[in-house]
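Colleague: Coordinates for the following, if possible.
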Amino acid sequence: MKKIIIFFLLIIAITGNSEIIKEKKILRKETMELILVCHEKIQSDFENIDLSPSGIEAVKQLAEKMKKNYSFDIAYTSNLKIANRTLNYILEEMNELEIPINKSETLNTITRKDLEGKNVFESLKSYWKSDISKNLKEGKNVLIVTDEDTIRILIKYLLDMSDRDIQDVYIPIDNTFYFEVDKNLEVISAGFPIQKVLERIDEF
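Modeller: The predicted model follows:
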């Protein structure tokens with residue numbers, strides 16, 4: 001399964017995801033989309049920190065791309081202002097401000113200290129099972145906007161990656177992490193950015 005997923009990932013990185021998107025629209029009744037978006041990195045734990053001018057521009061450009069390929073039924077984000085503003089820009093550009101939005105402390109920015117001192121992985125996995133996954137099983141397309149390390153944990157869980165391998169995954173703020181899943185939550189295909197300077201990632 002991992003080789004199939006990485007094959008899709010490499011194809012998307014090289015050719016863009018237009019063909020994959022066309023295919024998934026045909027299968028939409030059978031499969032769902034899970035899209036992860038990383039908000040701008042913050043250097044403190046202040047809840048009221050806002051997007052910088054460059055962060056706003058990056059989100060607007062990303063939203064312009066997203067509206068051509070995606071449509072969502074529900075969104076998840078943290079309680080942080082920077083995450084809420086990022087999500088709002090995306091949904092406004094996509095004309096989907098009316099969809100339900102779930103805000104959870106579980107998706108608040110995770111720091112390296114948190115990763116060392118708390119069982120963050122188990123907390124996120126529990127939230128995934130008790131809430132997010134239920135919407136996917138009901139046939140809903142889901143958008144999650146959160147921070148870099150939370151996205152790493154979600155990807156690690158979805159693709160069953162090791163701690164070492166997930167650290168090599170590039171997490172930019174100007175792109176999406178795409179997962180196509182079936183109603184059993186099996187990952188059918190996945191696509192996300194590849195940083196050119198990184199070593200091959202199809203060998204883990």
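Colleague: contacting residues around the residue nearest in space to the middle of the chain?
Modeller: Nearest residue to the geometric centre of the chain (C-alpha atoms, centre = their mean): L36, 1.0 Å. Residues in contact with L36, defined by C-beta atoms under 8 Å, 6 or more residues apart in numbering, are 144, 146, 151, 154-155, 176-177, 179. Where C-beta positions appear, they are placed from N, C-alpha and C, glycine not excepted.
Colleague: Just to be sure, it is in a helix?
Modeller: No. Checked against DSSP: H, G, I helix; E, B strand; the rest coil, L36 lies outside a helix; its state is strand.
Colleague: Show me what it bridges to in the sheet.
Modeller: With DSSP bridges as the criterion, L36 is bridged to I144, F177.
Colleague: how far away is it from I173?
Modeller: 12 Å (C-beta to C-beta, to the nearest Å).
Colleague: which regions of this protein lie under the pLDDT threshold?
Modeller: Scanning the chain for pLDDT under 70 picks out the ranges 1-29, 43-47, 110-119, 194-204.
Colleague: If we use 50, what do you get?
Modeller: Where the chain drops to pLDDT under 50, the residues are 2-28, 117, 197-204.
Colleague: could you pull out the helices for it?
Modeller: Listed in chain order, the helices of the chain (DSSP state H) span residues 2-15, 18-26, 53-69, 81-93, 112-117, 120-127, 133-137, 148-159, 163-166.
Colleague: looking at it, Y157 is touching S123, isn't it?
Modeller: No. With contact defined as C-beta atoms under 8 Å, Y157 and S123 do not form a contacting pair (11.5 Å).
Colleague: So V120 sits against L154, correct?
Modeller: No. With contact defined as C-beta under 8 Å, V120 does not reach L154; the gap is 11.0 Å.
Colleague: Pick out whichever of these two has more residues nearby.
Modeller: Higher neighbour count among V120 and L154: L154, with 23 against 17, using other C-beta atoms under 10 Å.
Colleague: measure the closest residue to the more buried one other than its chain neighbours to I49 for me?
Modeller: Leaving out its chain neighbours, the residue that sits closest to L154 by C-beta to C-beta, 6 or more residues apart in numbering is L36, at 6.2 Å. To I49, L36 is 21 Å away according to C-beta to C-beta.
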